[in-house]
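What would the 3D arrangement of this be:
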Amino acid sequence: MKDNLLTDIFLRFAGLSLLAVGGATAALPEAQRQMVTQAHWMSAERFAETFAIAQISPGPNVIVFSLFGWRLAGLPGLVVATFGILAPASLLAFAVARAMRRAGDAPWLARLKRALTPLAIGLMAANGYVLARGADSGLFATLVTLASAAFVAWSPRSPLWAMAFSAAAAVVAGRLGFLPS
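Below is the predicted model of the structure:
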């Protein structure tokens, strides 16, 4: 059973790695669809929680996939997930870099680069929406999500201020009985 799970983790994450245009987080909407909706490996809340833990951890954003593997199958899951998410995209990037070097200043290459920019931004925007849906389990969480997004979008201040305010608001709301323990 566990071998089948490890194989499934590898194959799913290998496919996801090829969608990671703009970084690993760009593949998260599809990862959420596959892991939560299709395979039922975890809840949307657990998915968002794992993403949040990965984001506050030092290191690259791709660590979230390693954590998914850990949550699903322990250390073997972590290893398989990490290899699955990194190997195919790395091999593809190597091949594309070689092709781009050979293409030089070809007009089709410039058009391709311009087309990939909005694609990457769109995938990251979808990521934010999917994660917000999973994390916003009530009115308080929804308000914190919206306020944090607005703060980061329109304030010149560091996002650390939004993090500090959100943490303080959660402590106060919990003490007042607005949040479950």
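
can you tell me which residue is nearest the centre of the protein?
Centrality entry for the chain: nearest residue to the mean C-alpha point is residue 25, 3.4 Å, by Cα atoms, centre = their mean.

need the contact list for that one.
61, 64, 124, 127 (Cβ atoms under 8 Å, 6 or more residues apart in numbering). Bear in mind the C-beta positions are built from the backbone N, C-alpha and C, glycine included.

How is this structure divided into domains?
2-135, 137-181 (automatic domain parsing).

quick one: pLDDT of residue 172?
Residue 172 is assigned 91 on the pLDDT scale.

Quickly find the element holding it.
helix 159-175 (DSSP states H and E).

re the thing from before, which of the contacts of residue 25 tops the neighbour count?
residue 64 (24 neighbours; other Cβ atoms under 10 Å).

pretty sure that one contacts residue 49?
No - applying Cβ atoms under 8 Å, one finds residue 64 not in contact with residue 49, separated by 11.0 Å.

Any stretches of this structure with poor pLDDT?
Residues of the chain that meet the criterion pLDDT under 70 lie in 1-2, 21-22, 136, 181.

Please report the residue range of the longest helix in the protein.
helix 63-103 (DSSP state H).

helices and strands around that one, which ones?
helix 2-17, helix 28-32, helix 44-56 (3 or more Cβ pairs under 8 Å, 6 or more residues apart in numbering; DSSP states H and E).

The ones you listed into JSON lines, with extra columns for distance to residue 165 and mean neighbour count?
Below are those laid out as JSON lines (distance: least, Cβ to Cβ, whole Å; neighbours: other Cβ atoms under 10 Å):
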{"stretch": "helix 2-17", "distance to residue 165": "33", "mean neighbour count": "18"}
{"stretch": "helix 28-32", "distance to residue 165": "25", "mean neighbour count": "22"}
{"stretch": "helix 44-56", "distance to residue 165": "16", "mean neighbour count": "17"}
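
Quick one: closest of those helices to residue 108.
helix 2-17 (24.7 Å; Cβ to Cβ).

on contacts alone, who are the packing partners of the closest one?
helix 28-32, helix 63-103.

just to revisit the earlier point, just curious, which of the contacts of residue 25 is nearest to residue 98?
Once Cβ to Cβ is applied, the member of the contacts of residue 25 that ends up nearest residue 98 is residue 61, at 25.2 Å.

you'd agree the closest one is up against residue 26?
No - between residue 61 and residue 26 there is no contact under Cβ under 8 Å: 9.4 Å.

among the helices and strands packed on helix 2-17, which is the most enclosed?
helix 28-32 (a mean of 22; mean count of other Cβ atoms under 10 Å).

Packing partners of that helix?
Using 3+ Cβ pairs under 8 Å, 6+ apart, helix 28-32 sits against helix 2-17, helix 44-56, helix 63-103, helix 107-135.

In JSON lines: those helices, plus distance to residue 154.
Shown next, in JSON lines, are those (distance: least, Cβ to Cβ, whole Å):
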{"stretch": "helix 2-17", "distance to residue 154": "32"}
{"stretch": "helix 44-56", "distance to residue 154": "21"}
{"stretch": "helix 63-103", "distance to residue 154": "27"}
{"stretch": "helix 107-135", "distance to residue 154": "15"}
